[in-house]
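[1] what would the 3D arrangement of this be:
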Amino acid sequence: MSRLPRIALALLVALLAACSSGAGSKPDALDRTLYDYSGAIRWNNFEVAWDMVDPKVREAKPLSDFELERLKQVQITNYNLVASVTLPDGRIAREVELGVVNRHTQAERVVRVREIWRYDEEAERWWQTEGLPVLAQDR
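    The predicted structure follows:
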């Protein structure tokens with residue numbers, strides 16, 4: 001293969017790669033959203049994490065002041081992704097282990113939660129459809 005076709009092929013491959021993962025692509029939006037969500041959970045900023053929950057879920061199951069206060073009684077010490085899979089309908093399912101410390105007793109435990117993420121074409125963003133993790137021990 002002469003030099004010119006090789007250069008043209010390399011440029012074509014680079015152009016196709018750039019088009020498939022542009023700044024506004026769904027995978028990039030998912031990465032940013034997951035990073036922001038996991039950071040909000042890690043830093044116990046449940047109000048920010050709540051804003052990433054699907055508006056339909058927030059409307060159907062509003063977060064009460066009582067539930068928010070319960071979440072503030074724990075400290076998240078770990079957020080580890082265990083598994084992630086793309087579902088046939090394009091949603092993303094993730095299994096996450098959270099290290100949780102009760103602020104009053106200092107007892108630590110691990111809670112496994114499932115996150116389902118769906119892409120909203122109209123809003124051009126990802127929503128978490130499972131709600132905030134249930135961290136109360138009595139549930």
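[2] only C-alpha atoms for contact and neighbour calcs from this point on.
    Fine.
[3] end-to-end on stretch 81-99?
    12 Å (Cα to Cα, to the nearest Å).
[4] name the next helix or strand downstream of the worst-scoring helix or strand of the chain on mean pLDDT, please.
    Sorting the helices and strands of the chain by mean pLDDT, DSSP states H and E puts helix 3-20 at the bottom, at a mean of 47. Counting by DSSP states H and E, the next helix or strand C-terminal to helix 3-20 is helix 26-42.
[5] other SSEs contacting that following helix?
    Contacts defined by 3 or more Cα pairs under 8 Å, 6 or more residues apart in numbering; DSSP states H and E place helix 26-42 against helix 46-50, strand 74-86, strand 125-128.
[6] ok, residues contacting the shortest one?
    For strand 125-128, contacts defined as Cα atoms under 8 Å, 6 or more residues apart in numbering pick out 26, 29-30, 33, 52-54, 115-120.
[7] out of those residues, the closest to Arg109 would be?
    Sorting those by how near they are to Arg109, with Cα to Cα, puts Glu115 at the top with 19.1 Å.
[8] can you give me the distance of Asp65 to Glu97?
    Asp65 is 25 Å from Glu97, by Cα to Cα.
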